[in-house]
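Engineer: okay, sequence plus prediction incoming.
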Amino acid sequence: YNEYKSYLSMGLLPVVMGVLVGMCWADVYMHNPRGSNNRLNERSAVRRNANRIFDSQNNNRGGYNVGETGANANQNGNPNSATTQYNMQYYGSGGAATEDSNLVIEWTNQHGCGGSEDTNPHKLNCDIVIQYMCQNDVTAGTLTNNGNADNRVTVIRDGVQTNNNNYQPPNQNEANNNNAYAARIAGNKNQADIRNGMQESMIWYDMCKYREANAGLFTADQKLRQQRLGYVDSASTRQNPNGNRNGYECPEERDYYPYWQPTLMSQTADLTRQTTPWIDLAFLTSNTSRCDIIKQGSFNQNGIARCVYNNGQRTYGRQISEAACTQDGGTWVTFQSYLEILDDATTEAACTAKQATDTRNKISWLQLRSDEATKRCVVQAPVVDCTTAPWTRVNHNGNSADNAGNASRYDAVLPHFPSGKTKRCVLRLRYNISTDDYDPFQTDANDNENTQEGVRSPVEQNPLVDVGANARPLRLAINTNQYGRTFQDRSHVFKIVARTTAMAGKVIHNLNVRGKRGNIVQTYPAVEYDFIPGRATISKDDLVHIQWTGANNHNNQPNGGDGQTGDAGEGTGGTDRSNFLEMQGEIENYPVPFENTTFWSKVESLTNPAATAKDLFVSMMSSGYYCGAAANAGCAANQVIGTKQPALNNLLNNAPASYFGHVLKFKEALSVAYMCSRNNNFSNRSQKGILWVVEKEQAANAKRSTRKASLDFRKKTN
C-alpha cells in the first residue's frame, strides 16, 4: 500500500500506489465476520494448509472454522458436506438512504495502527483496506466434479477439504500457439477439485502469471525469481520473491493498493455469474491527507486499463504500460468495475429509471470496456470510504482506544444489489504497518540494491550498524522482504439476500456472535464467545437481525504450535453453541423465565410474522432446535417444543451450531439485557449483551456520545 512512485517511472497511471513500508511481524485476525486465516474444519489448534486460498502471513493458530448447520461435525472431503455448511445470510441494504444494513466488522492487529498527531505521536504508520467480492449464488448441492468444469475454477466456495487446486503455469511454447494455451487451461479446469476452497478465479491467477512484474517498484536487496515465461511475473514481489502460490491470489495485487490493473476475475465481463472484482469498502489510514488520491485510484467508479491481445482464446499477456502494449501488438483497453449488470434494463431510459430508485449506487448506461460498442446498465459501488484507522498500541493484539475498549471496528454498510438476486460473497481485510526508514514518496526501483552500479538499498538484510563510541557494530534483525509487508484475513463465504417488502424504509442492525470454544489462552489469537455488538443503542424504527454461526470441530487439539491446546467449555467438546435469553440486568448471570420476560411481547418477527412472543422465545432459547412453542405458518408441528424428540439437551449439545434467527421489529422503546446460558463460566467467560431501543433522535445522540466516549477513552489510555 502506499509506494507513491512505484510505477511512475514506467509511465503508468499517475495515481498513488501503495507500497507497504513495514518491517515487523504484525498479524491481523478478523473476528466478525469470522475470519478463516485459511482454516476450514481442522480439529487441531493450528491450520492445516497456510496457503489454501490466500496468503495471510499470520500465525498458524489464528482463525475460525467454517460454520455448520447441524449438531455434528462435517466429514472432511465429503462433497455432500458443502450442503451442511452454514453461510451467514445478511439482508442487504436497500436503494433508499434510510435502508442501511449495518454490520460491525471487528479485528485485532498486532503492531498498532491509528492516527499520529504531534501531541500524541505513534510509533508507526498504518493502512487497513477492507474489500469484498460477490457473485450470483449457486446451490451447494449442484457443485460436483462431474458437472460443469468451469464451476471448479470460478465458483466462490469454502470447500470441504484443505487441499490446493492443481495449477499448471504457462510456458514459452504458448506464445504463438493457441492450441497449447487452450489445452493447458482445459487441463487446469479438469484438474481442479470442487471440494477445494476457492475465491479468486483460476483465470485471474493465470493473468497474474502472464503479467510482467511492475519494474518500477522498490524491492530493496531482494532478487525476484524469473518464471517459465523468461521474465519476472506479477506472482513475484519483494514480499514473495520466489513467486509462491496461495490459492489463485495474485501476490502483486495482494501487496499493493490501489492496484494498477483491473481486478476482474475473467477475461471478459462475467455476464452470467457476475463475479465482481474486489470492491473497495473502506481505506482506514493513519494519514487521511491521501484520501483524495486513494479515491482516484479505487476501481469502484474509475476505469482502469490493461493490455488486451487479439490472438485467439488468450486476450491477456505480459505488458502493463500503454506504450509497451502497443509495441507488443496489443490494445490498451479501459475496463469498468461493476457491482451488478442489470439485464432487464435494455435501454438507456430504462437504466436511468433504475438510478432514480437507488440513492446508494452509481447506475450508468456505459461500455464495460472501451473497445466494445455495446452499452449496458452497469451498477457501480459507492466511492470507497477513506477515514482514520482505529488507534491501537504496538505489540498488543487487542483492543482499540477509539472503540471505548472494544477491539478495532469498522461500522460497515452492506451493499445493495438492485436485481434482488442472492449473492455469495467473501470479505477481506489487509493490514500494513510502515516506518520512516526511507521515504515512500521518493523511493522506487532506482533505489534497489545494484552493486554493479554502486547503488545500495536504503535498507539491507540484517545490517551491522555503527553506534559510535568506538564500540563494535551491532546487528539489526531486518528482513527486507518484510519491509512493506501485507497481512490479511478473509471471511468464509457469506450470502447477501434481498430484503422483504416489510423491511422497506428500515435500517437493519446485524447482531451476531464472535469467538470460538476455549478459554482465553486456548483460543488465542482468536477470541472467546461474545455477542457483537455487545452494547448497542438503536432507534425503535429500526430492525435487528439476530443470527450466529458456529462449528462442531473447534477441539483445539495438538499440534498446538506456539500456544496452548484444549477446548475448555460446557457441553460436547469442540462444539460452538449460543442462544439468546433475557436477563434482569447486565451484571446478573441468571435468565428470566419466559413468563416474567418483557422483551418478547414488545417485538414481532418480520421473517416469520406468524410467530408469537412465546414462539420467538422458544426458537432463540433453543438456537433453532425448536422453531416455536406451537405450530404456525412458519413452523411445522413436528419441530415444536413438546413434540420434537429427543428433547433439547440442557447444554444445547443437540442444537444446531448455527442459527438464522429472526429479524425483529419493535413495538415500542425498550431495553433488554441478554445472555447465552451455555457459555456462562463466570470465572473467565461471560457471553452477554445489552440493547437499548430508543426514539430516533436519542439514538443519533447516543451514537455521537459513543464517539466522544471513545475519544475520551483514548486520551486516558495514552
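Structural biologist: Cool, got the structure.
Engineer: C-alpha from now on. contacts and neighbour counts both.
Structural biologist: OK.
Engineer: which residues in this protein form helices?
Structural biologist: Under the criterion DSSP state H, helices of the chain are mapped to 149-152, 178-191, 202-210, 251-255, 291-297, 322-327, 348-356, 520-523, 613-621, 696-717.
Engineer: out of those helices, which is closest to T501?
Structural biologist: Minimum separation from T501 across these (Cα to Cα) falls at helix 348-356, 17.9 Å.
Engineer: that closest one packs against which elements?
Structural biologist: Using 3 or more Cα pairs under 8 Å, 6 or more residues apart in numbering; DSSP states H and E, the elements in contact with helix 348-356 are strand 362-366.
Engineer: neighbouring strands for the strand it packs on, and are they parallel or not?
Structural biologist: Paired strands of strand 362-366, with direction, are strand 376-380 (antiparallel) (DSSP bridges).
Engineer: hang on, isn't D280 packed against Y132?
Structural biologist: Yes - the pair formed by D280 and Y132 meets the contact definition of Cα atoms under 8 Å, at 6.9 Å.
Engineer: more neighbours: the two, which one.
Structural biologist: Comparing D280 with Y132 by neighbour count (other Cα atoms under 10 Å), the higher total belongs to D280, at 23 against 19.
Engineer: ok, the more buried one to V384 distance?
Structural biologist: In this view, D280 and V384 are 5 Å apart by Cα to Cα, to the nearest Å.
Engineer: need the residues touching each of those two.
Structural biologist: Shared contacts of D280 and V384, defined by Cα atoms under 8 Å, 6 or more residues apart in numbering, are found at 298, 300.
Engineer: if we can go back for a sec, and the helices of the chain: which comes nearest S101?
Structural biologist: Nearest of those to S101, taken as Cα to Cα: helix 696-717 at 16.0 Å.
Engineer: give the rounded mean pLDDT of the closest one.
Structural biologist: Per-residue pLDDT over helix 696-717 has a mean of 64.
Engineer: please apply the same query to stretch 288-299.
Structural biologist: 95.
Engineer: let me see the contact set for H396.
Structural biologist: Each residue near H396 by Cα under 8 Å, 6+ apart is listed here: 109-112.
Engineer: please work out how many residues are found near S321.
Structural biologist: Per other Cα under 10 Å, the neighbour tally for S321 reads 20.
Engineer: ok, D292 next?
Structural biologist: The number of residues packed near D292 is 11, by other Cα under 10 Å.
Engineer: just P533 next, same as before
Structural biologist: Using other Cα under 10 Å, P533 is surrounded by 22 other residues.
Engineer: what about the closest residue to it other than its chain neighbours, neighbour count?
Structural biologist: In space, and not counting its chain neighbours, P533 is closest to L511: 6.2 Å by Cα to Cα, 6 or more residues apart in numbering. Neighbour count for L511, taken as other Cα under 10 Å: 20.
Engineer: beta-bridge partners for the one residue sitting closest to the centre of the chain, please?
Structural biologist: Central residue of the chain (Cα atoms, centre = their mean): L427, 2.1 Å from the mean position. Taking DSSP bridges, one finds Y132 as the beta-bridge partners of L427.
Engineer: and for the one 4 residues further on?
Structural biologist: When bridges are assigned using DSSP bridges, the partners listed for Y431 are I128, F487.
Engineer: I'd like the distance between it and F580.
Structural biologist: For Y431, the distance to F580 equals 34 Å [Cα to Cα].
Engineer: which one of these two has more residues nearby?
Structural biologist: Applying other Cα under 10 Å to Y431 and F580 shows that Y431 carries more neighbours, namely 27 against 24.
Engineer: give me the nearest residue to N136, chain neighbours excluded.
Structural biologist: Nearest residue to N136, sequence neighbours excluded (Cα to Cα, 6+ apart): K423, at 4.7 Å.
Engineer: over to R577?
Structural biologist: R577's closest residue in space is A657 (Cα to Cα, 6+ apart), at 5.4 Å.
Engineer: give the contact list for the one you found.
Structural biologist: 67-71, 549-552, 575-578, 623.
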